[in-house]
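Novice: Could you look at this predicted model? Sequence included:
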Amino acid sequence: MPRFQNQSILVVGAYSEIGRAVARRMAEEGAQILGVGRDEARLQQARGELPGAGHEILVADAADWSQLQPAIQVGKRLGGFAGAVVAAGLHEVRPLSLLDADTLHRAYDANVTTALLATRLMTKAASRDGAGVVWLSSAAALRGTAAFGAYAAAKGALVSAARVAAVELAARRIRVNVVAAGVVRTAMSEAWLGKLNDAQKQAIEKDHLLGLGRPEDVAGVVAFLLSSDARWMTGSLLTVDGGLCAR
C-alpha cells in the first residue's frame with residue numbers, strides 16, 4: 001500500500017520547484033494535496049501535474065495568518081492534515097555593506113514566518129492520529145558564504161525554531177523536522193549561479209561531493225520524514241546536500 005493512502009498533506013510553496021516535487025511524490029504515494037501559494041495560475045498548473053484526484057489549492061500569502069486561515073477548514077473537512085511541508089522561500093544575495101532592513105524582513109517573512117504560521121495552522125487542523133511537519137532550510141545556515149547574510153540568518157532561524165515547536169507539539173503527536181538542502185537545480189539557484197563566473201560555478205559544483213541536487217532528491221527525504229518510518233524523529237535536522245557540509 002502507498003504510505004500516504006487516504007491522507008491529506010498541506011504543501012506551502014506548492015509551485016516552487018521543490019514544492020512541486022514534494023507534492024508530486026506525496027500524491028504518487030496516495031496523498032491528497034492542498035497546495036498553498038500566492039499565484040493562482042501557477043498553483044493551478046502545479047495541481048494539474050499531480051497524479052490522483054481530489055487535490056485542492058488555496059491562493060494565499062502564507063506569511064499572512066488571515067489569508068492562511070481558510071486552510072483550517074479544508075484540513076478539518078479532509079479529516080485533518082497528516083503532514084505539512086513548507087517549501088516557500090526567498091533567496092536574495094546581498095553583501096553586508098548593502099544589507100538593509102527591508103531585505104531582512106523579506107527573508108524572514110518568506111522563510112520563517114511562513115513556516116511558523118503553517119505550523120500554527122497544524123495545531124488547529126492536524127489529524128487526531130498525529131502529523132509530521134517538515135521545514136525546508138538550507139546548507140547556507142550551516143556554512144559561511146559571502147553575501148548570504150539575510151538568507152542564512154532566516155534559514156538558521158528555522159533550525160532553532162523547529163526545536164521549540166518539537167517540544168511544544170510533542171503532546172499532540174505533531175513532529176517537526178528540518179531539511180537543510182544544498183544547491184538544488186531550480187530557477188532560483190540558476191539565477192544565483194548565473195551571477196557567478198565559470199571558476200566560481202565549478203568550485204560550487206566541486207564542493208558538492210555528489211554533484212548538485214535535483215528537487216526529487218529533496219522530495220524523497222521529505223516523504224521519509226512525513227512517513228511512519230520517521231515516527232521517532234522530531235526536532236531533527238537532516239542535511240541533504242550532496243556532501244557539501246562534509247568538508
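Specialist: Looks like it came in fine. Residues are numbered from 1 along each chain as shown.

Novice: Out of the helices and strands in the chain, which is least certain?
Specialist: helix 187-193 (a mean of 85; mean pLDDT, DSSP states H and E).

Novice: Dump the C-alpha coordinates for that one into CSV.
Specialist: As requested, the backbone C-alpha atoms of helix 187-193 are provided in CSV (Å, rounded to 0.1, in the frame of the first residue of the first chain):
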residue,chain,number,x,y,z
ALA,A,187,15.2,28.5,-11.3
MET,A,188,16.1,30.3,-8.1
SER,A,189,19.5,28.6,-7.8
GLU,A,190,20.2,29.0,-11.5
ALA,A,191,19.5,32.8,-11.2
TRP,A,192,22.1,33.0,-8.4
LEU,A,193,24.6,30.8,-10.2
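
Novice: Name the surrounding residues that touch the next helix-or-strand element following it.
Specialist: Going down the chain from helix 187-193, the next helix or strand is helix 198-207, by DSSP states H and E. If you take CB atoms under 8 Å, 6 or more residues apart in numbering as the criterion, helix 198-207 is touched by 183, 193, 196, 211-212, 244, 247. The way it works is simple: take the backbone N, C-alpha and C, and place the C-beta from them, glycine included.

Novice: gap between the residue of the chain positioned farthest from its centre and Ala63?
Specialist: What lies farthest from the middle of the chain is Ala199; by CA atoms, centre = their mean that is 30.1 Å. For Ala199, the distance to Ala63 equals 37 Å [CB to CB, to the nearest Å].

Novice: which residues touch the spatially closest residue to Trp192 that is not a sequence neighbour?
Specialist: The shortest distance from Trp192 to any non-neighbouring residue, by CB to CB, 6 or more residues apart in numbering, is to Val93 (6.0 Å). Val93 makes contacts with 147-148, 151, 192, 195, as judged by CB under 8 Å, 6+ apart.

Novice: Find the pair from the residues you listed with maximum spatial separation.
Specialist: Tyr151 and Lys195 (14.0 Å; CB to CB).

Novice: Compare these two (neighbour count), which wins?
Specialist: Tyr151 (24 against 10; other CB atoms under 10 Å).

Novice: For that one, give me the pLDDT.
Specialist: On the pLDDT scale, Tyr151 is placed at 95.

Novice: Surely it and Ser137 touch.
Specialist: No - contact between Tyr151 and Ser137 fails when scored by CB atoms under 8 Å: they sit 10.4 Å apart.

Novice: any idea which residue sits dead centre in this protein?
Specialist: Ala87 (2.6 Å).

Novice: I figured that one hits Leu10, correct?
Specialist: No - Ala87 is beyond contact range of Leu10, at 10.8 Å (criterion: CB under 8 Å).
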